[in-house]
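S.K.: Here you go, sequence then predicted model.
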Amino acid sequence: MSTQIMQILHEKFAYSSFRTGQREAIESVLDKKDTLVMLPTGSGKSLCYQLPTYLTDGVTLIISPLLSLMQDQVEQLHLRGEKRAVALNSLTSFSERKRIFRQIKQYKFIYTSPEMLQNQQVLEVLKKAHIQLFVVDEAHCISHWGTDFRPDYLALANIRKSLGSPTTMALTATATKQVRDEIIHFLGLDIKETNQIIESVDRKEIKFFVEICEGNKNEKLIEIVKKMTGAGIIYFTSKKMADEWANNLSNEYGLRASSYHSDLEADDKIKIQQQFLNNDLQIICATSAFGMGFNKKDIRFIIHYHLPSSPEMYLQEVGRASRDGKLGLAILLYQPGDEYIQQRFIETSLPSKEILTAVYKRKQTQLSESDAMVKLAYYFKETSINLNDALQAIEKRKKIKYQQLSFMMQYVYQEDCKRSYLLNYFCENKKSSLNECCSSCGLDQEELIAKLNKMTQSYKEEEARKRVLPWKEVYNNLYNNL
């Protein structure tokens, strides 16, 4: 089997070696062991399920939280010559869905969303496919305590069982032990039998800075951005501010910037992603809706205009930088009082006592049943959790969210190593001293930006050479054949 694995790695993916954790994950599911994989952002988690698919007779079903992520994965497989890959989601037209249903047994990779699996017709069709590997991507979405909790993920245990309990792989980049345990529990797996492959969340190539802005935060942001020549993302908690800043950077400072958030149409999201990938855009002003599964290798900086809600969220978002393994910069701009924004989100993101009571007593509510907090309320009710226990669970979740926010506040004012402080949250230690680490360790921001800009220039020159080289080769071949 070892020889076959290396052969597929070379033939299908054009790699000669594995990154840390990949081979162990692949061998685990080939041994038909349920597996939870936590690898750092940008470490190639998709290979962990794509490669073993070629060494089994059946189909791999991948549950993904984002439409753009599904489309990107399917397109990447198609570009590698794998035509037996398809995405089945809300963007799939009625006629296309019927065609997929007719040909369901011909596919090797089927990407779908947890919401789509609530559709009984879809589920019945998938039962006809020989699903051997059940993959849950961005699996922290299943945990009540994860940063991107999605109530529809809670149904996956029953869906998995209805599909014959295939070997399961859950993938995430940042999850504490509590979150990992909950992922295993809510997927209906045996915690003692589930193989866990856990690698460090540390990304040594990313350098951490915190700027405490006692004065005008806007001026500080403009000062930093005007110095940067490479690609970057600026994160905001407000869709309106993301739009305003994208317009400001474009119109007043001549920068190639655009905004990205959940209010955009699907086609606009895909267009912006492609423009950013092709370097037609330099900067994306985004909410947390942007980035999960997005793979642009040469993002050089991530700036947080607002305080992130948790260390998990922060590492997820800064991890979008430096996927080429080269230097990257993560800057958090903090202004006293920023924490109140996140406090307001905590209070409004969970079902109140009034909403829970209304759902339990079947009273009419002003909120749609598609609303995440109403879905959570219905989940408590449908799993026979009594109202008092549900209220206690909500209070517990709220307490944990405040603890996560408190950790981020302490991170801001931490005078010792910022990296070590983040790693300690995940029960890790910094394994080696770094010459360039963080603002607390004496790293000079100006020097680092100069290095990043030099790298960007070298990259542009290399890309220009690649475009010219084929024509030189054609010319030389013609000349030599005269």
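M.R.: That came in fine, so what should we check first?

S.K.: Need the residue closest to the centroid of this structure.
M.R.: The centre of the chain sits closest to Met292, judged by Cα atoms, centre = their mean, with a distance of 2.7 Å.

S.K.: now the strands for this structure?
M.R.: With strands called from DSSP state E, the chain shows them at 35-38, 59-63, 85-88, 109-112, 131-136, 167-172, 195-198, 206-212, 231-235, 257-260, 283-286, 299-304, 328-334.

S.K.: got TSV for the ones you listed, with mean neighbour count too?
M.R.: (C-beta placed from N, C-alpha, C; glycine too.) Shown next, in TSV, are the strands of the chain (neighbours: other Cβ atoms under 10 Å):
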stretch	mean neighbour count
strand 35-38	26
strand 59-63	25
strand 85-88	23
strand 109-112	22
strand 131-136	23
strand 167-172	25
strand 195-198	18
strand 206-212	20
strand 231-235	24
strand 257-260	24
strand 283-286	26
strand 299-304	24
strand 328-334	24
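
S.K.: can I get these in JSON lines with distance to Arg19 and mean pLDDT?
M.R.: Below are the strands of the chain laid out as JSON lines (distance: least, Cβ to Cβ, whole Å; pLDDT from 0 to 100):
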{"stretch": "strand 35-38", "distance to Arg19": "12", "mean pLDDT": "97"}
{"stretch": "strand 59-63", "distance to Arg19": "19", "mean pLDDT": "97"}
{"stretch": "strand 85-88", "distance to Arg19": "22", "mean pLDDT": "94"}
{"stretch": "strand 109-112", "distance to Arg19": "21", "mean pLDDT": "96"}
{"stretch": "strand 131-136", "distance to Arg19": "18", "mean pLDDT": "97"}
{"stretch": "strand 167-172", "distance to Arg19": "14", "mean pLDDT": "96"}
{"stretch": "strand 195-198", "distance to Arg19": "12", "mean pLDDT": "96"}
{"stretch": "strand 206-212", "distance to Arg19": "16", "mean pLDDT": "96"}
{"stretch": "strand 231-235", "distance to Arg19": "23", "mean pLDDT": "97"}
{"stretch": "strand 257-260", "distance to Arg19": "28", "mean pLDDT": "96"}
{"stretch": "strand 283-286", "distance to Arg19": "26", "mean pLDDT": "96"}
{"stretch": "strand 299-304", "distance to Arg19": "18", "mean pLDDT": "97"}
{"stretch": "strand 328-334", "distance to Arg19": "17", "mean pLDDT": "97"}
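
S.K.: My understanding was that the residue nearest to the centre of the chain contacts Met70; is that so?
M.R.: No - Met292 is beyond contact range of Met70, at 11.3 Å (criterion: Cβ atoms under 8 Å).

S.K.: shaky segments in this protein?
M.R.: For the chain, the stretches flagged by pLDDT under 70 are 1, 144-149, 293, 363-372, 435, 466-482.

S.K.: Show me how it divides into domains.
M.R.: Following automatic domain parsing, one gets these domains for the chain: 2-198, 204-230+298-482.

S.K.: Nearest to Gln273, out of the ones you listed?
M.R.: Closest approach to Gln273 among the domains of the chain is made by domain 2-198 (6.2 Å; Cβ to Cβ).

S.K.: could you show me where the helices are in the stretch 251-400 of the chain, in order?
M.R.: For the stretch 251-400 of the chain, helices defined by DSSP state H, counting those that start in this stretch occupy the ranges 266-277, 311-318, 339-349, 353-360, 372-382, 387-413.

S.K.: just the ones you listed: most buried one?
M.R.: Mean neighbours per residue, mean count of other Cβ atoms under 10 Å, is largest over those for helix 311-318, with a mean of 24.

S.K.: That one - contacts with which helices or strands?
M.R.: With contacts defined as 3 or more Cβ pairs under 8 Å, 6 or more residues apart in numbering; DSSP states H and E, the secondary structure elements packing on helix 311-318 are strand 299-304, strand 328-334, helix 387-413, helix 418-425.

S.K.: related to what we said a few turns ago, distance to Val29 added to the helices of the stretch 251-400 of the chain, as a markdown table?
M.R.: Formatted as a markdown table, the helices of the stretch 251-400 of the chain follow (distance: least, Cβ to Cβ, whole Å):
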| stretch | distance to Val29 |
| --- | --- |
| helix 266-277 | 29 |
| helix 311-318 | 24 |
| helix 339-349 | 34 |
| helix 353-360 | 38 |
| helix 372-382 | 29 |
| helix 387-413 | 31 |
